[in-house]
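In: For reference, the sequence and a predicted model appear below.
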Amino acid sequence: MKKKKVLVIDDERGFTKMVKLNLEASGDYEVKIQNNSLDALQTAIEFQPDVILLDVIMPDLEGPDVVYQIKNNEVLKNTPVIFITANITREEVEAQEGYIGGHAFLAKPGSIDELIACIEKQIKSHP
Amino acid sequence: MKSQFGKKLKVLLVENNLVDRKVIIKMLSTSPYGHFDPKFASSLVEAFELLPKHKFDVVLLDLNVDDSKGLETLKKFHRRFPHLPVVVNTGSYQDDLGLKAITKGAQDYLIKGMYKSYSLVKSLYYAVERKRVEEELKNAYNKLQQTQIQLIQAEKMNVIGGLASGVAHEVKNPLATILYGVEYLENSLKTSDEKIVLTLDSIQEAAKSANNIIKGLLDFASLTNLKKTPENINTLIDQAIHLTRPQCERVSVHLEKNLQNDLPLIKIDRNRIQQVIVDLIVNAIYAMNNGGRLMIRTYGKKFSDQDVGWIDRRGRSFGQGDDVVVVDFEDTGPGIKDEYLIKIFDPFFTTRRAAGGIGLGLSIARTIMNSHGGIISLHNKTGGGARARLIFKANKKEPV
Ligand SMILES: Nc1ncnc2c1ncn2[C@@H]1O[C@H](COP(=O)(O)OP(=O)(O)OP(=O)(O)O)[C@@H](O)[C@H]1O
Ligand SMILES: [Mg+2]
């Protein structure tokens, strides 16, 4: 089976590395990291991910700006985005049933199982 | 003749010298300037007996009486009756003793043989007036101090609130990294080496507990936008009991409730108040980890200052006689040590550090109650155990 491609855009280097390690260990994913949000769009165009994990607060360009770029790009506009952020708590996410402003959200810190479940759900709903 | 100074003064003359007594009586009774109703005592003991029985306006105090000498006399007097105006009447020609008396709480002093009727009368009226002003000042000062305490408290909350969201973000990111890292190691090592398993578990626990602290801080921060709706507190209590039932059963705490049926509604953010109720129940359970009884009671009443101590009364939105809803949580645990009573509401004060207590439960509960204009207090019951009390302003009854 072809591996699913996941792009992680987050300025927390340690965190992105751990996401990559964990997801790749499962054998189902190929993960690319971008720690600089200014280069996020370019990396996404080249990598053509199946799903994008995106931090909300980053220096230079914030998560919502990156989403705007992606949604306005012909190639990427249907790629699902999952916000993954320390700004909200798991309870708040659950209270909103996982979606805030139409986007899937995950709270930091969380578990890998949660992350994988969310990725799978997003990929399925965006064929 | 009409008094120059207005009202008639009830004077207690503490004086053991009969000659001096006569002199004073003469001056007072013949003075055209004032009206007096004098009584005598020749010792402090006698004075202390008379004082509670009559409503004296002022005391003329000889410092050397049968059972006490010098400034000691004034100190003893002032300790027992701090609110009574005193004019010291010294026998000796000692101005410095008189001046010292002023610093020890006397309103004025006279030196025997050195004054005439007018000075005596003036001095007595002056003492009464001066004492009144002093007391007013003292009250104003106390009020100011209380306000300052509130301000400091409010400021603390603001600082914590502001810091919280910033810190939360900065700390949760590394925590996320740590937790993902641990998960990776757990999955990829698949080891049965107990020491490694233990290490990984400990790291995970530590990171999770750090995350809980952050969550507590955020609770402070997010108290600004409360969603208040009219609720029946009994419903919330039933839910909270349901939530904490398993924990109760584990340590054999017997939970009883006595909820008044037709309680008025209260306007609250139900999630926040739910949190307060659960925190108080959990505290009681922790206090009774060898079993015990927790009684939760709700009732409506008219608020009285006697319901809580003054320190707990700050910031409330109701006053004496207003309709309130009270929730009492009474446990049969060990209660709270006296020296801890003033600290239990401080952020991070806990006696359960070793067992994982963070010490935010009560301080958050107080912040929540304050932001509802309500009161939370925690005291020892006479006869043992602790009583936590919540008081809410009752909603006005809707006209049907
Ligand atoms: N019902 C009670 N009986 C005896 N002591 C109590 C009771 N409730 C609270 N305390 C004391 O007050 C302290 C502070 O309580 P608080 O709820 O703020 O923190 P905690 O319970 O220690 O930790 P946390 O609630 O953050 O997990 C407790 O550690 C305990 O010493
Ligand atoms: Mg607690």
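Out: Structure received. Numbering: from 1, shown residues only, chains lettered A, B, ... in the order given. Ligands and ions are numbered 1, 2, ... in the order given.
In: these two touch, right, A:Leu23 and A:Ile33?
Out: No: if you go by CB atoms under 8 Å, A:Leu23 and A:Ile33 don't touch, sitting 10.9 Å apart. No exception for glycine: its C-beta is placed from N, CA and C like everyone else's.
In: In terms of neighbours, single out the busier of the two.
Out: Legend: neighbour count by other CB atoms under 10 Å in any protein chain shown for A:Leu23 and A:Ile33, higher for A:Leu23 (24 against 17).
In: neighbours of whichever residue of chain B sits closest to ligand 1, just the number please.
Out: Residue nearest to ligand 1 within chain B: B:Gly361 (2.4 Å; CB to the nearest ligand atom). Around B:Gly361 there are 22 other residues, counting by other CB under 10 Å.
In: For B:Ile277, see how far away it is.
Out: 12 Å (CB to CB, to the nearest Å).
In: Please, which helix or strand holds the residue of the stretch 251-400 of chain B at minimum distance from chain A?
Out: Chain A sits closest to B:Asn271 of the stretch 251-400 of chain B, with a gap of 9.2 Å, by CB to the nearest CB. Using DSSP states H and E, B:Asn271 falls within helix B:270-287.
In: re earlier: isn't the residue of chain B closest to ligand 1 right next to B:Ile281, touching?
Out: No: contact criterion CB under 8 Å: B:Gly361 and B:Ile281 do not qualify, at 10.6 Å.
In: how close does the residue in the stretch 201-350 of chain B positioned nearest to ligand 2 get to B:Leu362?
Out: Nearest residue of the stretch 201-350 of chain B to ligand 2: B:Asn283, at 4.4 Å (CB to the ion). For B:Asn283, the distance to B:Leu362 equals 7 Å [CB to CB].
In: What of B:Lys8?
Out: 54 Å.
In: How about B:Ala210?
Out: Counting by CB to CB - B:Ala210 and B:Leu362 are separated by 21 Å.
In: the more surrounded of these two?
Out: Set B:Ala210 next to B:Leu362 and count neighbours by other CB under 10 Å: B:Leu362 wins out with 22 against 16.
In: show me the contacts for the more buried one.
Out: Shown in contact with B:Leu362 (CB atoms under 8 Å, 6 or more residues apart in numbering or on different chains): B:279, B:283, B:344-345, B:376, B:378.
In: Could I get those in JSON lines, plus columns for pLDDT and neighbour count?
Out: Shown next, in JSON lines, are the contacts of B:Leu362 (pLDDT from 0 to 100; neighbours: other CB atoms under 10 Å in any protein chain shown):
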{"residue": "B:Asp279", "pLDDT": "89", "neighbour count": "19"}
{"residue": "B:Asn283", "pLDDT": "95", "neighbour count": "22"}
{"residue": "B:Ile344", "pLDDT": "90", "neighbour count": "19"}
{"residue": "B:Phe345", "pLDDT": "86", "neighbour count": "21"}
{"residue": "B:Ile376", "pLDDT": "93", "neighbour count": "23"}
{"residue": "B:Leu378", "pLDDT": "94", "neighbour count": "20"}
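In: Turn those into a markdown table, including distance to chain A.
Out: Formatted as a markdown table, the contacts of B:Leu362 follow (distance: CB to the nearest CB, whole Å):
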| residue | distance to chain A |
| --- | --- |
| B:Asp279 | 15 |
| B:Asn283 | 21 |
| B:Ile344 | 26 |
| B:Phe345 | 24 |
| B:Ile376 | 23 |
| B:Leu378 | 26 |
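In: nearest to A:Val75, of these?
Out: Nearest to A:Val75 among the contacts of B:Leu362: B:Asp279, at 51.4 Å, using CB to CB.
In: Nearest spatial neighbour of the closest one, chain-adjacent residues omitted?
Out: Closest residue in space to B:Asp279, ignoring its immediate chain neighbours: B:Gly361 at 4.3 Å, by CB to CB, 6 or more residues apart in numbering or on different chains.
In: I'd like to know how many residues surround B:Lys100.
Out: Neighbours of B:Lys100 using other CB under 10 Å come to 16.
In: what helix or strand is it on?
Out: helix B:95-103.
In: average pLDDT across that helix?
Out: Helix B:95-103 shows a mean pLDDT of 83.
In: by contact count, what packs against it?
Out: Identification of packing neighbours for helix B:95-103 by 3 or more CB pairs under 8 Å, 6 or more residues apart in numbering or on different chains; DSSP states H and E yields helix B:71-80, strand B:86-90, strand B:108-111.
In: Where does the residue positioned nearest the centre of chain A fall, secondary structure wise?
Out: In chain A, the residue lying closest to the centroid (CA atoms, centre = their mean) is A:Leu53, at 0.7 Å. Assigned by DSSP H and E, A:Leu53 belongs to strand A:51-54.
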